[in-house]
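In: Let me see the structure of the following:
(2 chains)
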Amino acid sequence: MPVYRAPRGTRDLLPDERPVWERLETLARDLARRYGYASMETPLFEQSDVFERGIGASTDVVEKELFRVSPSRGEDTERWALRPEATAGIVRAYVQHGLQTWPQPVRVSLLGPMFRYDRPQAGRFRQFWQWDIEAIGDPGPAVDAEIIELGHRFYREAGLPDVDVLVNSIGDPACRPAYHDAVRAHFAPHADRLAGVERERLATNPLRLLDSKDPDIADLIATAPDIADHLCAACADHFAAVRAHLTVLGVPHRRERGLVRGLDYYTRTAFEYYLPGAEGQQSALGGGGRYDGLVELLGGKPTPGIGFALGLDRVVLALADAGVALPAPAHPAVVVVGADPADTATRLRIATELRAAGLVARADLATRKLGRQLEGAARDGAHLAVIVGDELDLGQVQVRDLPAGTQRLVNLPDLARELTRAHAGHRHGTDAAR
RNA sequence: GUGGCCUUAGCUCAAUCGGCAGAGCAUCGGAUUGUGGCUCCGAAGGUUACGGGUUCAAUCCCCGUAGGCCACCCCA
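Out: Below is the predicted model of the structure:
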């Protein structure tokens, strides 16, 4: 057994699984570009305050999952934490760099690793990847629908057409306090039936009780007051408009009254994407919501915002479970092999010249006999082999078409052009077949 | 953070009652000198996750640690 291993909850993405990830990354970047969401990056760690204030000190993410780091030396007295999500950092950057002076809303996209010091499980890691989309500076319901539709489209184009879209409104500071009171009043007479954590939540964040899966209180949850009946007129109008826009866009969705989201900064619109039929923990594929108070909370002017985070690890798992055909690893177009096993220099020189001409080419650098070299080329999926032999004295090499099993002599000065032409023919053929 | 199940070669798994640790796949090499995917032969690969304990003897029984999985909690 190896002495060293990847830290708990992290893993290596080896070359054979990278193609799926690259496809998802490419899709996310392409969608962001098509929708006008500009790429940005923030540090992988921030002052822990950014998360504690932004996400909320009483949330699970901050209370037990924040991945704190400290410099081993230096005069820094700051407390740092690896980012558990992207929104807080993006909003911090928005405030720091005065992005409120840019045309509003500011539409941004970020793709990268997030960290939560959680107990690992299938589909749950301490380092995981999210694609994050934010629109900061637009209060209107139309942008809510634009973003929800964007997430839905990502899943569809990724190969998961049946993802459930769940939406809800959790009100705003004008109407939520009264609803909190109503929920407390509903549960208070039955406090003895609540588990320890649940009783704490009754005081700190009664909304969280509503998405509890505790079967002992399922009946209480079912009969709890519905926030839809407690929204102020502004929130109710906003939510109705979001749903109307989604209908116009043709995004199938349903309201889930228990959907409240785990982060404190959310207001009004909350939404989640679920994998239908999946058991338990991996079924939450992504989610997001509106956070109209967050910019102000992190020191900016009152500014509305909305965004989502999609978990790419879970999409990869879902695609594998669904049996979606995964892209094959890239293979070289041309492999240069030689009759003289020891003459690696000539093979390497010719491959280098082909690369300089723009071809995807590698040389077989092992000192093994020609048969083995061809075997390796075929297994790599190469279409063409250049065979270097005695003909080199006449300025010629053999070009072998591996799938067809045919070959012919080519003059060295013509080699790159011939290979480019032959490979183009193959590419058309294989693409059509795929 | 709580509870349960699990860990043998790179991967998937065997090993009778506690008695010399094996197979398939993958890797590398060979099958008369310059031609591949098939076939045949061979090699390499192990402190049985790690550390203790019981025993003449431990992959096997006991304890601890680490890691994985599952259910909670919660999220992505």
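
In: Spell out, range by range, the strands that occur in the stretch 251-400 of chain A.
Out: Using DSSP state E, counting those that start in this stretch, the strands of the stretch 251-400 of chain A run over residues A:254-255, A:267-274, A:284-290, A:305-311, A:334-338, A:361-363, A:384-388, A:396-401.

In: Counting neighbours, show which residues of the last one come out buried.
Out: If I follow you right, that is strand A:396-401. A:396, A:397, A:398, A:399, A:400 (16 or more other Cβ atoms under 10 Å). C-betas here are computed from N, CA, C, even on glycine.

In: Settle this for me: the third one is touching residue A:384, isn't it.
Out: No: in terms of Cβ atoms under 8 Å, residue A:398 does not count as a neighbour of residue A:384; the distance is 10.6 Å.

In: near RNA strand B, which residues of the stretch 1-150 of chain A?
Out: Within the stretch 1-150 of chain A, the residues that sit near RNA strand B (Cβ under 7 Å from any atom of the strand) are A:1, A:5, A:7-9, A:59-61, A:64-65, A:85, A:116, A:118-126, A:128, A:130.

In: Next step: the residues you listed restricted to helices.
Out: Per DSSP state H, helices hold the following members of those: A:60, A:61.

In: among the residues of the stretch 1-150 of chain A next to RNA strand B, which ones are buried?
Out: Buried members of these, scored by 16+ other Cβ under 10 Å, are A:9, A:59-61, A:65, A:85, A:116, A:118, A:123-126, A:128, A:130.

In: Which pair of those spans the longest distance?
Out: Spatially, the most separated pair among those is A:59 and A:123, at 20.4 Å (Cβ to Cβ).

In: So which bits of the stretch 251-400 of chain A are right by RNA strand B?
Out: Proximity of the stretch 251-400 of chain A to RNA strand B (Cβ under 7 Å from any atom of the strand) is limited to residues A:261-263, A:272, A:279-281, A:283-287, A:309-311, A:313-314, A:339, A:341, A:366, A:368-372, A:374-379, A:381, A:387, A:389-391, A:398, A:400.

In: okay, now the domains of chain A?
Out: Split into domains by automatic domain parsing, chain A comes to A:18-175+A:231-321, A:334-433.

In: Can I get these in TSV including mean pLDDT?
Out: Output for the domains of chain A, formatted as TSV (pLDDT from 0 to 100):
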stretch	mean pLDDT
domain A:18-175+A:231-321	90
domain A:334-433	87
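
In: Highest mean neighbour count out of these?
Out: domain A:18-175+A:231-321 (a mean of 18; mean count of other Cβ atoms under 10 Å).

In: Look at that domain and report the distance between its end residues.
Out: 17 Å (Cα to Cα, to the nearest Å).

In: Residue of the stretch 1-150 of chain A nearest RNA strand B, please.
Out: Of all residues in the stretch 1-150 of chain A, the one sitting closest to RNA strand B is residue A:122 (2.6 Å; Cβ to the nearest atom of the strand).

In: That residue and residue A:21: what is the separation?
Out: Residue A:122 is 18 Å from residue A:21, where distance means Cβ to Cβ, to the nearest Å.

In: Likewise for residue A:165?
Out: Separation of residue A:165 from residue A:21 (Cβ to Cβ): 24 Å.

In: Same check on residue A:107?
Out: From residue A:107 to residue A:21 the distance is 24 Å (Cβ to Cβ).

In: Is the residue nearest to residue A:92 when sequence neighbours are not counted within a helix or a strand, and which one?
Out: Take residue A:92 and drop its neighbours on the chain: the residue closest to it by Cβ to Cβ, 6 or more residues apart in numbering is residue A:50, 5.1 Å away. Secondary structure from DSSP states H and E places residue A:50 in helix A:48-55.

In: Which strands and helices lie in contact with that helix?
Out: helix A:60-63, strand A:80-82, helix A:87-96, helix A:294-297 (3 or more Cβ pairs under 8 Å, 6 or more residues apart in numbering; DSSP states H and E).
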